[in-house]
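A.B. asks: Just need the structure, nothing else, for what follows:
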Amino acid sequence: MAGSKHPHSDDETAAPPISPFMPMFETFRLELDEHHDRRERIIKASRDITALSKKMIFSLQRVRTLSHPLPPAVAKENHPRQSQITSLFASLTPDLQGLNTFRYQRNISGGIQEYIEAISFQHYLKTQQLITFSEAQAKLPPGIKLTEDDYVLGLFDLVGELMRFAITSMATTGALPRGAPPEGGDDGEGREILTDLRSLRTCFESLDTTSRGKDFTPLKRDVEKKMEVMRTCVEKVETAVYGMIIRGRERPKGWVPDLGGGGEGGGRWRAIELSWAGD
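C.D. replies: Presented below is the predicted three-dimensional model:
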């Protein structure tokens, strides 16, 4: 019929109008994709930093002296690991700027704490001093923020490495590790590692984690468990020293207390078999 409208006219086949909200949601989608990609990069780098830091610590546990430069073999072995860690941190710098510094803090925190444990252990072996916050921050590339919480929690873990170092040194040398004598000192003897461990325990036990009110910070969340582990580590060294003093004269080099417990009263002892080459 003339003048009738075709059933498939342009008006009926035209695409529905685009919602004015679509560009906004497209922006949200892109931001979420960027967020997840950034978060995955940070988590992966944090795991790699943690693994490399652990390898540094394993190498440092072969050291047997305090207040001396690291043995060349250990220093040579750890140098490329230090470089890799620095490169990994530097690669994250663009992702940890502005608000993202705190938005992804929990994702990078594990790697930072493990790294603080490694460099503080190395610093202690070389100087028999505790690395300061500013010294630890200087070990990180510019743009990577070291929080007070990560610094303190890393030092909590340092106590465990000092315990292992002390026990191993006692088992292999028959003496508690002692640093070099102070310059101008009259006694001619340095400070024992147990003295430092006890000082650290005192400082940690006086730590106030409630001054921030109700804020749920990593320090408040983790400090209770780490405090218990820290006390146990110091007590193990004390037990080993007591045994070495009381019973050491009756035992050959290499005898240390069985810190694994067992027996009534915790008085069970065992001999650790060592390499007697050179004896």
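A.B. asks: Quick check: mean pLDDT of the host helix or strand of residue 108?
C.D. replies: Taking DSSP states H and E as the criterion, residue 108 maps to helix 105-127. In this model, helix 105-127 has a mean pLDDT of 96.
A.B. asks: let's number from 47 now, not from 1
C.D. replies: Taking 47 as the first residue, the last one we looked at is helix 151-173.
A.B. asks: where does it sit relative to the chain's centre, distance-wise?
C.D. replies: 4 Å (CA atoms, centre = their mean, to the nearest Å).
A.B. asks: That one: which residues count as buried?
C.D. replies: Neighbour-count burial for helix 151-173 flags 151, 153-172 (criterion: 16 or more other CB atoms under 10 Å). Where you see a C-beta, it was placed from the backbone N, CA and C, and this is true even at glycine.
A.B. asks: shaky segments in the stretch 147-296 of the chain?
C.D. replies: Residues of the stretch 147-296 of the chain meeting the criterion pLDDT under 70: 229-234, 256-264, 293-296.
A.B. asks: tell me the strands in it, going along the chain?
C.D. replies: Taking DSSP state E, counting those that start in this stretch, the stretch 147-296 of the chain contains no strands at all.
A.B. asks: related to what we said a few turns ago, packing partners of the helix holding residue 154?
C.D. replies: Here helix 151-173 touches helix 68-106, helix 118-138, helix 179-184, helix 194-219, going by 3 or more CB pairs under 8 Å, 6 or more residues apart in numbering; DSSP states H and E.
A.B. asks: buried sites along stretch 118-135?
C.D. replies: Buried, per 16+ other CB under 10 Å, within stretch 118-135: 120, 121, 123, 124, 127, 128, 131, 132, 134, 135.
A.B. asks: if we take those, which one ends up nearest to residue 225?
C.D. replies: Ranked by distance to residue 225 (CB to CB), those are led by residue 120 at 17.7 Å.
A.B. asks: Please report how far the closest one lies from residue 160.
C.D. replies: 18 Å (CB to CB, to the nearest Å).
A.B. asks: cool, and residue 146?
C.D. replies: 21 Å.
A.B. asks: Reformat the buried residues of stretch 118-135 as a markdown table; add pLDDT.
C.D. replies: As requested, the buried residues of stretch 118-135 are arranged in a markdown table below (pLDDT from 0 to 100):
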| residue | pLDDT |
| --- | --- |
| 120 | 96 |
| 121 | 96 |
| 123 | 96 |
| 124 | 96 |
| 127 | 96 |
| 128 | 96 |
| 131 | 97 |
| 132 | 96 |
| 134 | 96 |
| 135 | 96 |
